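Peer 1: Predicted model and sequence below, questions to follow.
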Amino acid sequence: DCPVICMDEEPYQLLDEARQPIPMKLAKPRREDSEYVRNGTCSIFIFTEPLMGWRHVAVREQRTRIDWAEQVKEWLEVHYPAVPKIKLVMDNLNTHSVASLYQAFDPETARRLAKRLEIHYTPKHGS
């Protein structure tokens, strides 16, 4: 009735090849140059339900309070619309708080979402 969801996110560099790799040939491996072109960054959000062996990955352009709040709203309204409460386990980043819901949504929506969350923060340096 009350799933345990673990959440984390990570900034990620978007890289491209500076030179085309040389394809693999018989008895010769593919050859790649170590030089790359940087194409910006993104943020990868991952939600897992370890007791069910399930995960969901979402990619956003950035990692802000609004991005976190929109991800949580999706979880509560799309993936778990019928459960009364979700136990959310995550690190104590400044964007990971109920205050982010109030920044992203109107007060009624934020309160409705917040009431369905039971937040558990991992110990510092423990996530």
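Peer 2: Done, it's in.
Peer 1: quick one: residue 120 is in a strand?
Peer 2: Yes. Assessed by DSSP: H, G, I helix; E, B strand; the rest coil, residue 120 belongs to a strand.
Peer 1: mind listing what it touches?
Peer 2: With contact taken as Cβ atoms under 8 Å, 6 or more residues apart in numbering, residue 120 is in contact with 87-90. All C-beta spots, glycine's among them, are computed from the backbone N, C-alpha and C.
Peer 1: how much space between it and residue 88?
Peer 2: Residue 120 is 7 Å from residue 88, where distance means Cβ to Cβ, to the nearest Å.
Peer 1: How about residue 56?
Peer 2: 13 Å.
Peer 1: what bridges to the residue nearest the centre of the chain?
Peer 2: Central residue of the chain (Cα atoms, centre = their mean): residue 45, 1.1 Å from the mean position. Counting by DSSP bridges, residue 45 is bridged to residue 9, residue 58.
Peer 1: can I assume it is in contact with residue 7?
Peer 2: Yes. In this structure, residue 45 is within contact of residue 7 by Cβ atoms under 8 Å, at 7.1 Å.
Peer 1: Give the residues shared as contacts by these two.
Peer 2: In contact with both residue 45 and residue 7: residue 71, using Cβ under 8 Å, 6+ apart.
Peer 1: Name the nearest residue to residue 102, ignoring sequence neighbours.
Peer 2: residue 110 (4.3 Å; Cβ to Cβ, 6 or more residues apart in numbering).
Peer 1: which among the contacts of residue 120 gets closest to residue 38?
Peer 2: Relative to residue 38, the closest of these is residue 90; by Cβ to Cβ it sits at 28.5 Å.
Peer 1: what about the closest one, how many neighbours?
Peer 2: 19 (other Cβ atoms under 10 Å).
Peer 1: Identify the residues contacting the residue nearest to it when sequence neighbours are not counted.
Peer 2: Nearest residue to residue 90, sequence neighbours excluded (Cβ to Cβ, 6+ apart): residue 7, at 4.3 Å. Neighbour list for residue 7: 45-48, 71, 88-90, 96 [criterion: Cβ under 8 Å, 6+ apart].
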